[in-house]
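Peer 1: Coordinates for the following, if possible.
(one chain, ligands or ions: 2)
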Amino acid sequence: MQPDLLNLHALHHFRTRSPLTHCMTNDVVQTFTANVLLALGASPAMVIEAEEAEQFSAVADALLINVGTLTASRAQAMRRAIESAVAVGKPWVLDPVAVGALGYRTRFCQQILVLKPAAIRGNASEILALAGMSAGGRGVDTTDTAASALPAAQALARQTKAIVVVTGEVDYVTDGLRTQTVTGGDPMMTRVVGTGCALSAVVAASCSLPGDRLETIAAACGWMKRAGTLAAAQSRGPGSFATAFLDALWELGAQQ
Ligand SMILES: Nc1ncnc2c1ncn2[C@@H]1O[C@H](COP(=O)(O)OP(=O)(O)O)[C@@H](O)[C@H]1O
Ligand SMILES: Cc1ncsc1CCOP(=O)(O)O
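Peer 2: Ligands and ions are numbered 1, 2, ... in the order given. Okay, the predicted model is just below:
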C-alpha cells in the first residue's frame, strides 16, 4: 500500500461521522463485524426481521447485504431492506459470499443486482462468478487470484454501475474505468474468519460518506490491510491476531 492510500483525512472523516451501519450479514461473523466497525469508529446494528429491517434501512446511513448464511426468509427480509434503502437514497453494499459455488444464493444475488448496489466486495472467485465468468470457489474461499479477476470486476462495475472491490493479496477497487490498487496486509488475514465480511461492512459505511466513493473505498481497504500488517507483526497465531487486528484498527492513524 502506498502511504497516501491510508488516507488519514478519510479516516478522520469516517470516525467523525460514525456511520450508522445496518448489517444483514451471516451468522459466523456477526460479532467480529460489529467489533471491526466499532474499532474504526462506526456504529453497527444487526437488524434482520423483515419488518424491522425494512424500517431500519431507511434510517441507517448504509446497508450491508452479506449472503454467507442465506435462507429464504432472510432473502425476503434483505430484499425489503434494500428496497427501503433505495427508496430514500441510502447506499447498500453486496458481499456475494460463496456465489458461484451454490445455486440459491447465486440466483438471489443476480436478481438483486438490479436494485443497484453502491458497491460489491468479494474475493476473486465470487467476483468472477457474479460476473458470469467462472463457476465459483471452494465454499467461501477463493481458488483464484484477485489479479485474475480484475477484468471481471471491471466488467461487473460497468454493468452494475457499482464500485467493485476484489480482494486478496492485492485489493483492486474499480468503477470500470478507474482502478485503485491496494497492497499490504498479511496472509494471516485469511486464517481468521470474517476479515472479508468485515471489510464489506466497512465499505458499506464508507459509501455513506461524501466525496469520491472510489477513493474512500480504497482508503477503507487500506485501513484493513494496514491493520493486518501491524497485527501480524505482533501476534503468535490466529487467536492473538484477531485481537491485535482490532487493536490496530483502533490505533490506526495514531502513529502513522
Ligand atoms: N495473501 C494475502 N496477503 C495480504 N492480505 C490478504 C491476503 N489474502 C487476503 N488478504 C486480505 O484479507 C481480507 C479479506 O480478503 P479475502 O480473503 O479476499 O476475502 P474473503 O474473506 O471474502 O475470502 C482483505 O482485507 C484482503 O486484502
Ligand atoms: C465460514 C463461513 N461460512 C458461511 S459464511 C462464512 C464466513 C466467511 O467469512 P470470510 O469470507 O470473511 O472469512
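
Peer 1: Report the central residue of the chain.
Peer 2: The centroid of the chain falls nearest to S200 when counting by CA atoms, centre = their mean (1.1 Å).

Peer 1: you'd agree that one is in a helix?
Peer 2: Yes - checked against DSSP: H, G, I helix; E, B strand; the rest coil, S200 lies within a helix.

Peer 1: tell me the contacts of it?
Peer 2: S200 makes contact with 25, 64, 66, 93, 95, 121, according to CB atoms under 8 Å, 6 or more residues apart in numbering. Yep, even glycine has a C-beta here, placed from its N, CA and C like the rest.

Peer 1: do that again at 7 Å, thanks
Peer 2: By CB atoms under 7 Å, 6 or more residues apart in numbering, the contact list for S200 reads 64, 66, 93, 95, 121.

Peer 1: is the closest residue to ligand 1 within the stretch 1-150 of the chain in a bridge, and if so with what?
Peer 2: For the stretch 1-150 of the chain, the nearest residue to ligand 1 under the criterion CB to the nearest ligand atom is N123, separated by 3.5 Å. Residues in a beta bridge with N123, per DSSP bridges, are T167.

Peer 1: measure it to D95 for me?
Peer 2: 10 Å (CB to CB, to the nearest Å).

Peer 1: what do you get for R79?
Peer 2: With distances taken as CB to CB, R79 is found 16 Å from D95.

Peer 1: The two: which is more packed in?
Peer 2: D95 (32 against 18; other CB atoms under 10 Å).

Peer 1: isn't that one right up against L63?
Peer 2: No - with contact defined as CB atoms under 7 Å, D95 does not count as touching L63 (11.5 Å).

Peer 1: wait, is I65 part of a strand?
Peer 2: Yes - according to three-state DSSP, I65 belongs to a strand.

Peer 1: beta partners of it?
Peer 2: According to DSSP bridges, beta-bridge pairing links I65 with M24, L94.

Peer 1: How about the contacts made by it?
Peer 2: Per CB under 7 Å, 6+ apart, neighbours of I65: 24, 78, 82, 92-94.

Peer 1: Most neighbours among the residues you listed, please name it.
Peer 2: Top of those by neighbour count (other CB under 10 Å): L94, with 31 neighbours.

Peer 1: Hmm, that one is touching F108, no?
Peer 2: No - contact criterion CB under 7 Å: L94 and F108 do not qualify, at 10.1 Å.

Peer 1: Can you list the residue ranges for strands in the stretch 151-256 of the chain?
Peer 2: 163-167, 171-174, 179-182 (DSSP state E, counting those that start in this stretch).

Peer 1: circling back to that earlier point, name the nearest of the contacts of S200 relative to G137.
Peer 2: For the contacts of S200, the closest approach to G137 (CB to CB) belongs to D95, at 13.7 Å.

Peer 1: Where does pLDDT dip in this protein?
Peer 2: 1-5, 255-256 (pLDDT under 70).

Peer 1: interface residues of it facing ligand 1?
Peer 2: For the chain, the residues in contact with ligand 1 (CB under 6 Å from any ligand atom) are 123, 142, 167-169, 171, 185-187, 189-190, 195-196, 199, 224-225, 228.

Peer 1: Am I right that the residue of the stretch 1-150 of the chain closest to ligand 1 is in contact with E169?
Peer 2: No - with contact defined as CB under 7 Å, N123 does not count as touching E169 (10.9 Å).

Peer 1: okay, the two: which has more neighbours?
Peer 2: Neighbour totals were compared for N123 and E169, and N123 leads with 26 against 16 (other CB under 10 Å).

Peer 1: Would you mind naming what in this protein lies close to ligand 2?
Peer 2: 26, 28-29, 68-69, 97, 140, 193-197.

Peer 1: Right, I'll call it a day here.
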